[in-house]
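> heads up, no residue letters with this:
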């Protein structure tokens, strides 16, 4: 412990030296901006900045890139809350209740809670990264395809909590999402599926264009279709700070989101977006007033936003402790290390203590910088809502197109966004929820890949899921949850979904805008 | 960084100045070097030091452009179909030979064909190495092969994806040794490495640089390399050639231009790369990435490429379409 503190103080000495501090700050600012721009997320931001980091030394480079990474998670919530456009993929869940809060004039508190929740989650998860990295990373590696499949199946159970509409409609939407997720190369055989000669479709449908289209574009279209333009909001200063009640309601979700996000972030191959999905579902399940979800529940902002932030530190655990890329973003950061002659591996912490502790300390500093940066900006951002719709919406449209294009430099992605935007408009006109589609698109490729990899490992035997303790435990847990949920259907008890406030009478949107 | 920017700017000014003097001069504007994979990938990491060194030689900017998609097919077909004026170059990996063959296998309209490119120079050629988990009993290739013969399709390996480079390397080995292994494809070389470190598969063919730290840490054991010569970083590691297997496989990176690029420009580009690989900064950058420079000029590269492409084509045909067994 003493040794840890000593190393950490060395790290702080490094992180607070002006040369490093400047880059941590730059990373945070760039990350916030990247997160805010619709569509462009941390991966695109880090990829673009990677060549620029070649001129720095290894520690500074990683400090800069890590800053972009967690900074983006702060920025991502802004457009989700104000305009219902996910700034980056992991902010999809924030769109639902965050935007509903905005429609109720609570945009300020939503932004503030998102920033504070992110700060708490960011800082707490760095503590986790610092103290638990080596043992946790070892555990995370035991998550192979069968374990991952079990986790994803658990994730699918969250579907039931995702929308306020009717269950058949949600299931239909999830199925549609899963089908869309089937497009692209079949990684097990090399066949291209449903690509119709478009080379770009070989990579499948990206989550970013789908999310921006389904959430953002459809919202713009719906607003344009209203007989009367919605009233321009005039946020008041005293409405900027969260009320005492909102503070109290957020505490639990932030704490749970932090732990969940960190644990899910560690697992190789998982995405932050899953952390935020799961957090949202958990909060809804635990809430005493689940009917408020979708109508602007502060828990629906606090939980997912904390979860996606602590997932970033989680994702760095396998990278720093073992030299294992747990996802595309750590992979790019590892490339940055290799360019500087630092080979990421199990001996990194011993061989490069400066880098490890410097990065850790810079993350403490960076999270604080982000909080200081983001809180005063809440007032500024909220005032964006004063812009009349004829100016605001075309501008958002332009930013969405630019953002979605920038991710891969692909016009096909822009068309996908337009198509899913129109689809989202139609679906929402008919009272379908669009969040399950996004869940389906995210999960389908992972589910399929891990199922087929598991079966390849076992030469086709399904017993593999029961022979591996972690996978079996999770499957039984999932089965238990499922049985608990359906019990009232067979028994005399109340419909569990009604008890959770999930049976829809009015769609969340109408409620939110009226 | 700022000094490089300045140098770049200066180079640009000088280049523009030079145009006025000689009409024939090449280049008169920035050259784009397309890396068909995202930043941080092998193609990108090779393209950046090469382009920086080429800039110094040409005194004119060489810009790396990442054109990503469809396992490199998007960027490669972009270069194949761009104007053959020497201003669009490609940093290609072995996959340049795989994609057209895979397209043929599946009766797809090919995204490009290999004869759409003129080789300029080979930059690096890293032989893959066979690694197994340290706690597995096999101490050498012989034990590995014998055990695999006893238990066909029991020993498993991960790869970067079907028909990917790491799959092809293993396919050559299994064919030459007459063994059958269990293939678990992953979505990229990173996840394939994660899989063997997590103990979900037994073996992996990988580029040496990424597995080296895990070998040093005692998590993985190397059995042999696919190169004609031993690897500098692992001098004790035997090669399959030494063991009597006639297989060779490299993860290579080379610079290509569209086919109809005029001869004088091609010559200029070849001269440029030849000087660029001698640049001290370039050598230092490659050494940091633990990637030995394996320079070859166009004629040798063409021969090397033909041989490599033929081997890959045969391997792909042997694998054939993968039908899942029920």
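Received the coordinates, thanks. On a predicted model such as this, the values are computed, not experimentally measured, just so you know.

> Count the neighbours of the residue in the stretch 1-150 of chain B that chain A sits nearest to for me.
Chain A sits closest to residue B:40 of the stretch 1-150 of chain B, with a gap of 3.3 Å, by CB to the nearest CB. Every residue, glycine included, has its C-beta placed from N, CA and C. Residue B:40 has 24 neighbours, counted by other CB atoms under 10 Å in any protein chain shown.

> so what's it scoring on pLDDT?
Predicted confidence (pLDDT) for residue B:40: 80.

> how about it, secondary structure?
coil (DSSP: H, G, I helix; E, B strand; the rest coil).

> ok, and the closest non-adjacent residue to the residue in the stretch 201-350 of chain A that chain B sits nearest to?
Chain B sits closest to residue A:345 of the stretch 201-350 of chain A, with a gap of 2.5 Å, by CB to the nearest CB. Sequence neighbours aside, residue B:213 is the residue nearest to residue A:345 in space, at 2.5 Å (criterion: CB to CB, 6 or more residues apart in numbering or on different chains).

> try residue A:481
residue A:157 (5.8 Å).

> From residue A:210, how far out is the one you found?
22 Å (CB to CB, to the nearest Å).

> any chance you could map the helices in the stretch 51-200 of chain A?
Per DSSP state H, counting those that start in this stretch, the stretch 51-200 of chain A carries helices over the ranges A:58-83, A:92-103, A:107-141, A:145-157, A:167-180.

> ranking the ones you listed by burial, who's on top?
helix A:58-83 (a mean of 30; mean count of other CB atoms under 10 Å in any protein chain shown).

> quick check: angle from that helix to helix A:92-103?
On the basis of axes from the mean of the first three to the mean of the last three CA atoms, to 10 degrees, helix A:58-83 is oriented at 50 degrees to helix A:92-103.

> helices or strands next to helix A:58-83 in the packing?
Contacts defined by 3 or more CB pairs under 8 Å, 6 or more residues apart in numbering or on different chains; DSSP states H and E place helix A:58-83 against helix A:18-36, helix A:42-53, helix A:92-103, helix A:107-141, helix A:299-322, helix A:328-339, helix A:353-382.

> thinking again about what came up before, the residue of the stretch 1-150 of chain B closest to chain A and residue A:48 touch, don't they?
No. Using CB atoms under 8 Å, residue B:40 is not in contact with residue A:48; the gap is 11.3 Å.

> Ramachandran angles for the residue of the stretch 201-350 of chain A closest to chain B?
phi -170, psi -180 (degrees, to the nearest 10).

> How about the one 3 residues further on?
Taking degrees, to the nearest 10, you get phi -60, psi -40 for the backbone angles of residue A:348.

> which residues does the nearest residue to it once chain neighbours are set aside contact?
Excluding its sequence neighbours, the residue lying closest to residue A:348 (CB to CB, 6+ apart) is residue A:323, at 5.9 Å. By CB atoms under 8 Å, 6 or more residues apart in numbering or on different chains, the residues touching residue A:323 are A:334, A:343, A:344, A:345, A:346, A:348, B:213, B:214.

> one more time with 7 Å
Contacts were defined as CB atoms under 7 Å, 6 or more residues apart in numbering or on different chains; by that measure residue A:323 touches A:344, A:345, A:346, A:348, B:213.

> got a pLDDT number for it?
For residue A:323, the predicted pLDDT is 85.

> now swap in residue A:420 and tell me
Value for residue A:420, per-residue pLDDT: 95.

> Ok, the one 4 residues further on next?
The score at residue A:424 is 95. That number is its pLDDT.

> cool, residue A:491 as well?
Reported pLDDT for residue A:491: 54.

> ok, back up a step: how many other residues sit next to the residue lying closest to the residue of the stretch 1-150 of chain B closest to chain A once chain neighbours are set aside?
Using CB to CB, 6+ apart and skipping the chain neighbours, the partner closest in space to residue B:40 is residue A:335 (3.3 Å). When neighbours are counted by other CB under 10 Å, residue A:335 registers 24.

> Does residue A:335 touch residue B:48 like I think?
No. Counting by CB atoms under 7 Å, residue A:335 stays clear of residue B:48, with 10.5 Å between them.

> for chain B, what helix or strand is lowest in average pLDDT?
The helix or strand of chain B with the poorest confidence is helix B:2-21; it has a mean of 48 (mean pLDDT, DSSP states H and E).

> Could you point out the helix or strand that follows it?
strand B:31-35 (DSSP states H and E).

> what's the helix or strand for residue B:192?
Short version, using DSSP H and E: residue B:192 is in helix B:189-197.

> Please name the residues that touch residue B:233.
Per CB under 7 Å, 6+ apart, neighbours of residue B:233: B:208, B:212, B:290.

> Among these, which lie within helices?
B:208, B:212 (DSSP state H).

> re the thing from before, these two touch, right, the residue of the stretch 201-350 of chain A closest to chain B and residue B:214?
Yes. Contact status for residue A:345 versus residue B:214: in contact at 5.8 Å, counting by CB under 7 Å.

> so how far is residue A:156 from the spatially closest residue to residue A:174 that is not a sequence neighbour?
With CB to CB, 6+ apart as the criterion, residue A:174 has its nearest non-adjacent residue at 4.0 Å, and that residue is residue A:436. From residue A:436 over to residue A:156 the distance is 10 Å, taken as CB to CB.

> Kindly report the same for residue A:439.
Taken as CB to CB, the span from residue A:439 to residue A:156 is 8 Å.

> list residues touching both of those two?
Between them, residue A:439 and residue A:156 share no contacting residue, judged by CB under 7 Å, 6+ apart.

> Around chain A, pick out the residues from the stretch 51-200 of chain B.
B:64, B:68-70, B:73-74, B:102, B:106, B:109, B:111, B:153, B:156, B:161-163, B:182-185, B:187, B:190-191, B:193-195, B:197-198, B:200 (CB under 7 Å from any CB of the partner chain).

> hmm, 8 Å instead?
B:64, B:66-71, B:73-74, B:77, B:102, B:106, B:108-109, B:111, B:153, B:156, B:161-163, B:182-188, B:190-191, B:193-195, B:197-200 (CB under 8 Å from any CB of the partner chain).

> OK, contacts around the nearest residue to residue A:36 once chain neighbours are set aside?
In space, residue A:36 comes closest to residue A:75 once its chain neighbours are excluded; the distance is 4.1 Å by CB to CB, 6+ apart. Residue A:75 is in contact with A:31, A:32, A:33, A:34, A:35, A:36, A:87, A:88, counting by CB under 8 Å, 6+ apart.

> go on, residue B:152?
B:179, B:180.

> For residue A:430, give its distance to residue B:137.
When distance is defined by CB to CB, residue A:430 is 62 Å away from residue B:137.

> show me the contacts for the most centrally placed residue in chain A.
Chain A has residue A:90 as the residue nearest its centroid, 1.9 Å off, counting by CA atoms, centre = their mean. Contact analysis of residue A:90 by CB under 8 Å, 6+ apart lists A:41, A:73, A:76, A:271, A:272, A:273, A:275, A:276, A:304, A:308, A:311.

> Please apply the same query to residue A:78.
Contacts of residue A:78 by CB under 8 Å, 6+ apart are A:35, A:36, A:87, A:111, A:114, A:381.

> cutoff 6 Å now
A:36, A:381 (CB atoms under 6 Å, 6 or more residues apart in numbering or on different chains).

> Equivalent analysis for residue A:336, please.
Residue A:336 touches A:50, A:53, A:61, A:65, counting by CB under 6 Å, 6+ apart.

> Nearest to chain B among those residues?
Nearest to chain B among the contacts of residue A:336, with distances taken as CB to the nearest CB, is residue A:50, at 4.3 Å.

> Which residues are in contact with the nearest residue to that closest one once chain neighbours are set aside?
Counting by CB to CB, 6+ apart, residue A:50 lies nearest to residue B:39, which is 4.3 Å off, once chain neighbours are set aside. Neighbouring residues of residue B:39 by CB under 6 Å, 6+ apart: A:47, A:50, B:66.
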